[in-house]
Every structure is written in structure tokens, then in C-alpha cells.
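J.: I'd like to go over a predicted model; first the sequence, then the structure.
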Amino acid sequence: MRLGMALKELHEAETALAEEYRTVGERHAAEHDIFHACTTLAKQCHTHAEQLRAAAARYDQQLPEQDPPEPGEGLLSGLRRKSSELTGRQPPAGVLLLHDLRRLYLMAQECEIDWVLVGQGAKAARDRELLETVTECMEQTAVQVKWLKTRIKEAAPQTLTVG
């Protein structure tokens with residue numbers, strides 16, 4: 001059934017978004033609100049991906065097992081955090097933040113539309129359990145998209161006009 005493939009794609013998109021939130025949070029550790037929000041949203045995306053596991057199995061799709069990495073884990077993570085501390089709130093960091101927020105926004109939009117697709121499939125298959133998961137996760141993803149858009153609107157004026 002094709003719904004299984006849609007679930008797999010959504011799982012991959014949520015997993016990629018979780019990893020990107022972690023990366024961006026570490027890269028901008030000097031911006032405490034960004035770091036903490038990205039850490040929280042990464043965990044939320046990981047939970048979304050895990051919630052798809054049971055539904056995917058019902059549609060003959062095996063999803064890979066993944067443990068959520070903790071923030072601050074590994075050498076690369078440490079380098080990103082140290083780099084963030086050194087560059088702090090300098091203009092180049094603002095440009096990088098705007099770029100990272102834009103990328104996160106686009107990835108979150110992809111997840112949001114994937115939730116719509118899976119939701120439509122769940123309705124057609126009359127899968128109430130999956131539809132409940134879709135409804136909850138799609139609402140949370142919509143909040144992520146709104147938060148990212150707001151942060152972009154806050155960061156853009158200063159970043160784009162400071163010489």
C-alpha cells in the first residue's frame with residue numbers, strides 16, 4: 001500500500017528536521033532562545049517520527065530504529081558550540097542565523113505538507129488511530145512553522161540592514 005511509503009517519507013522528513021534543529025541550536029548556542037527552542041523542537045520531531053512506527057508496521061513498512069542524540073554530544077557538536085561562543089552576536093552570525101532559520105522553515109513546511117498527505121491517506125483508509133496521530137502532530141508542526149516565520153521576521157530587519 002502506498003500509504004506505507006508516505007509514512008516512511010514523513011518519518012525521514014521528521015528525522016531530518018530533528019537533526020537540523022539540533023545542529024542549528026548548537027551552531028547558535030550564544031542565542032539562548034534559539035538553542036533552547038531548537039532543542040525542544042528537535043525532541044518534538046523525534047517523537048513525531050517515533051509515533052509513526054506502529055502505523056507504518058500496519059502498512060508493511062519497516063522504519064529504522066533511532067535513539068535521540070542528546071544535545072552537546074560528540075566532537076562536532078562541541079566545535080559548533082565553541083564557534084557560536086566565539087562569533088556570538090556579530091553580523092556574520094546574524095546572516096548565518098537567518099540562513100539557518102530559512103532552511104528550518106522550508107524543512108518544517110515539507111513535514112507539514114507530508115502530514116496533510118498522510119492525513120488524507122488515513123481518512124481514505126479509515127485508520128482512526130493514524131488520524132489521531134496526524135491531527136496532533138500536524139498541529140505541533142504548524143506551531144513550529146509559525147515560530148520559525150516569527151523568528152525570521154524578527155531577525156531579518158536588523159540582519160539585512162546593518163552595514
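T.: All right, it came through fine.
J.: what's the model's confidence in stretch 48-64, averaged?
T.: For stretch 48-64, the mean per-residue pLDDT is 93.
J.: now the phi/psi pair for residue 65, please.
T.: Dihedral pair for residue 65: phi -70, psi 140, per degrees, to the nearest 10.
J.: how about the helices of the chain, start to end?
T.: 2-27, 32-58, 75-87, 91-125, 128-161 (DSSP state H).
J.: deepest-packed of those helices, please.
T.: helix 2-27 (a mean of 21; mean count of other C-beta atoms under 10 Å). Placement of C-beta: from N, CA and C, glycine included.
J.: by contact count, what packs against that one?
T.: helix 32-58, helix 75-87, helix 91-125 (3 or more C-beta pairs under 8 Å, 6 or more residues apart in numbering; DSSP states H and E).
J.: got JSON lines for the ones you listed, with distance to residue 18 too?
T.: Formatted as JSON lines, these follow (distance: least, C-beta to C-beta, whole Å):
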{"stretch": "helix 32-58", "distance to residue 18": "4"}
{"stretch": "helix 75-87", "distance to residue 18": "14"}
{"stretch": "helix 91-125", "distance to residue 18": "10"}
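J.: mean pLDDT lowest for which of those helices?
T.: helix 75-87 has the lowest average pLDDT among these, namely a mean of 49.
J.: residue 16 contacts residue 107, doesn't it?
T.: Yes. Between residue 16 and residue 107 there is a contact under C-beta atoms under 8 Å: 6.6 Å.
J.: closest to residue 64 out of the helices of the chain?
T.: helix 2-27 (8.2 Å; C-beta to C-beta).
J.: so that closest one versus helix 32-58, what angle?
T.: Inter-element angle recorded for helix 2-27 and helix 32-58: 160 degrees (by axes from the mean of the first three to the mean of the last three C-alpha atoms, to 10 degrees).
J.: for the record, mean pLDDT for helix 2-27?
T.: The average pLDDT for helix 2-27 rounds to 96.
J.: okay, angle between that helix and helix 91-125 too, please.
T.: Going by the same axes, to 10 degrees, helix 2-27 makes 160 degrees with helix 91-125.
J.: okay, the angle between helix 2-27 and helix 128-161?
T.: Going by the same axes, to 10 degrees, helix 2-27 makes 40 degrees with helix 128-161.
J.: quick one: distance of helix 2-27 to the chain centre.
T.: 6 Å (C-alpha atoms, centre = their mean, to the nearest Å).
J.: nice, that's everything, thank you.
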